[in-house]
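> The sequence and its predicted three-dimensional model are supplied below.
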Amino acid sequence: LLRVVIYDDSSKKVLAEATFDLISVYACEGHTLVLNDDRIRVTVLESIMGSVTGIMNMHFRLLDVKNIDSGLLGLGQSDPFVEIEKYSTNEIHNDDDNEEDTTNPNHWVLAYRTEHIMENLNPVFDEFRID
């Protein structure tokens, strides 16, 4: 699974979020996945899937991002960036001396963070690779 979270740079507030299955992404090479009521578009440029892991080259385009930076005169616009997280089932151990060891096998791990695009409610982000 992948989770896409769109943030505003200045406020760090979540503007939108979507989760999708990796299998559907790999199956859409060269195509565009449309998420979150047509507001998040993920284009997979290349995918190579091995027996256990894979690699994807992709880029994101956001449409009509929620504007939370309008300011007093209504002239400002949000400064969005995207974080892509992978769902992991690897164990995490808490090694803090003050606490008992705990295991949390299911959690989200940051896989990639896009550049920040200032004052843009319809940004197109640079191509990137996720392993």
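All right, it came through fine. Predicted model only: the values in this text are computed from it and were never measured. Numbers count the residues shown, from 1 in each chain.
> contacting residues for the closest residue in space to residue 121 that isn't next to it in sequence?
Nearest residue to residue 121, sequence neighbours excluded (C-beta to C-beta, 6 or more residues apart in numbering): residue 65, at 4.6 Å. In this view, the C-beta of every residue, glycine as well, is placed from N, C-alpha and C. Residues counted as contacts of residue 65 (C-beta atoms under 8 Å, 6 or more residues apart in numbering) are 6, 15-16, 39, 78, 80, 120-123.
> what's the answer for residue 40, then?
Shown in contact with residue 40 (C-beta under 8 Å, 6+ apart): 4, 6, 16, 18, 34, 60-63.
> Can you flag the buried ones in those residues?
Neighbour-count burial (16 or more other C-beta atoms under 10 Å) applied to those gives 4, 6, 16, 18, 60, 62.
> now, which of those sits nearest residue 85?
The closest of the buried ones among the contacts of residue 40 to residue 85 turns out to be residue 4 (C-beta to C-beta; 7.9 Å).
> just the helices in this protein please.
In the chain, helices defined by DSSP state H lie at 22-26, listed in chain order.
> Give me the distance between residue 125 and residue 89.
28 Å (C-beta to C-beta, to the nearest Å).
> Same drill for these two, tell me which one is more crowded.
Using other C-beta atoms under 10 Å as the criterion, residue 125 and residue 89 rank with residue 125 on top: 17 against 7.
> how about the more buried one, what does it touch?
So residue 125 contacts 59-61, 82, 114-115, 117 (C-beta under 8 Å, 6+ apart).
> Could you check the pLDDT of it?
Note for residue 125: predicted pLDDT of 94.
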